[in-house]
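Trainee: Need the 3D shape of this:
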Amino acid sequence: MARKITKAIFPVAGMGTRFLPATKSIPKEMMTLVDRPLVQYAIDEARAAGIKEFIFVTARGKSALEDYFDHAPELERALRKAGKDEQLELLKTTNIESGGIAYLRQHRAMGLGHAVWCARRLIADEPFAVMLPDDVISGDVPCLQQMVEAHEEVGGSMVATMDVPREMTGSYGILDVADASTDLVAARGMVEKPDPLSAPSTLAVIGRYILTPSVLKNLDAKKPGSGGEIQLTDAIAEEIREGRPVHGLRFTGQRFDCGSKAGFLQATVAFGLAREGLRDEFGAFLKQLTANAG
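Mentor: Numbers count the residues shown, from 1 in each chain. Sure, this is the predicted structure:
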């Protein structure tokens, strides 16, 4: 049986230039989807999967993210005094206790692989998860929980995957698989952002990973890949070349690319309509809006 996954790395050092000017002073991960920041969705998903230790790889200008997970004694006292127990309980979900969270700096933007490598000393010799808060996934069973359950059966490394149109394969890491007919697929190769004409499949890797410590050793080489950056995909592909198992899991749920404006807006609509207290009013507004547009 595979070892239990209790640690997760959250690479959040990016500048979020696609959302300027908002991200001039607000970390991209703190942008609000309905009523909570993107990073909170990732934390909630990690907790549901049994994660106990949260490792953030940050950069200059991310202090708001660090403050968000700290206690806010004055606000808590004010809510308690006002009898706002529901808001107080909600606030508690944003707290991570001392010892359960760590922050590391990525001083130079050298790619996702390098960001994960920065956390190597906190991972040591156990399997771990990597979660990209840009990818927000809705589903009855959280995506990482699905992966943890599958990983218990097969071990090794695992990536979340989904089918994309062939013309979009150049924007993702793509799996090479012998049999793509099942939800859990054994990878025989991975390639970062291939030419769509030569992509080995249309199975794209998205921002959820369960990795073995040997992936971190592969990253020690700091070998530049696509775009001149140190690619996590290359380090996982090295696992396959060395004969260690790597699987892709077609998760059940809907993924929103909140690193793009269109994806963020789509997620806002989907999550707004899914919220019981907003559904009727927001749905009526959208219906009227689309009718007027027609």
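Trainee: going forward, measure contacts and count neighbours with C-alpha atoms only.
Mentor: OK.
Trainee: Got the confidence number for residue 93?
Mentor: You'll see residue 93 listed with a pLDDT of 82.
Trainee: Output the below-cut-off pLDDT ranges for the stretch 151-294 of the chain.
Mentor: Under the criterion pLDDT under 70, the flagged ranges of the stretch 151-294 of the chain are 224-228, 294.
Trainee: in it, which spans are strands?
Mentor: For the stretch 151-294 of the chain, the strands defined by DSSP state E, counting those that start in this stretch cover 157-163, 173-177, 184-192, 203-211, 246-250, 254-257.
Trainee: and the fourth one, which residues are buried?
Mentor: Residues of strand 203-211 classed as buried: 203, 204, 205, 206, 207, 208, 209, 210, 211 (neighbour count, 16 or more other CA atoms under 10 Å).
Trainee: Quick one: the strands of the stretch 151-294 of the chain as TSV, columns for distance to residue 79 too.
Mentor: Output for the strands of the stretch 151-294 of the chain, formatted as TSV (distance: least, CA to CA, whole Å):
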stretch	distance to residue 79
strand 157-163	40
strand 173-177	46
strand 184-192	46
strand 203-211	36
strand 246-250	42
strand 254-257	33
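Trainee: helices and strands around the longest helix along the chain, which ones?
Mentor: If you go by DSSP state H, the chain has its longest helix at helix 276-293. Contact partners of helix 276-293 among helices and strands, from 3 or more CA pairs under 8 Å, 6 or more residues apart in numbering; DSSP states H and E: helix 261-274.
Trainee: Tell me the helices and strands packed up against the helix it packs on.
Mentor: strand 32-33, strand 254-257, helix 276-293.
Trainee: Name the residues that touch the second one?
Mentor: By that I understand strand 254-257. 134, 135, 136, 137, 138, 139, 263, 264, 266, 267 (CA atoms under 8 Å, 6 or more residues apart in numbering).
Trainee: List only those of the residues you listed flagged as buried.
Mentor: Applying 16+ other CA under 10 Å to these flags 134, 135, 136, 137, 138, 263, 264, 267 as buried.
Trainee: that older thread, between the longest helix of the chain and helix 261-274, how big is the angle?
Mentor: Angle between the axes of helix 276-293 and helix 261-274 is 120 degrees (criterion: axes from the mean of the first three to the mean of the last three CA atoms, to 10 degrees).
Trainee: List of residues touching stretch 215-234?
Mentor: Applying CA under 8 Å, 6+ apart, the set of residues contacting stretch 215-234 is 110-114, 116-117, 120, 173, 190-193, 235-236, 238-239.
Trainee: Swap in 7 Å and give it another go.
Mentor: The contact list for stretch 215-234 (CA atoms under 7 Å, 6 or more residues apart in numbering) reads 110-114, 117, 120, 173, 190-192, 235-236, 239.
Trainee: With neighbour count as extra columns, can I get those residues in TSV?
Mentor: Formatted as TSV, the contacts of stretch 215-234 follow (neighbours: other CA atoms under 10 Å):
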residue	neighbour count
110	16
111	21
112	19
113	26
114	23
117	22
120	17
173	22
190	27
191	21
192	23
235	23
236	27
239	21
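Trainee: Which members of the residues you listed define the maximum pairwise distance?
Mentor: 120 and 191 (23.3 Å; CA to CA).
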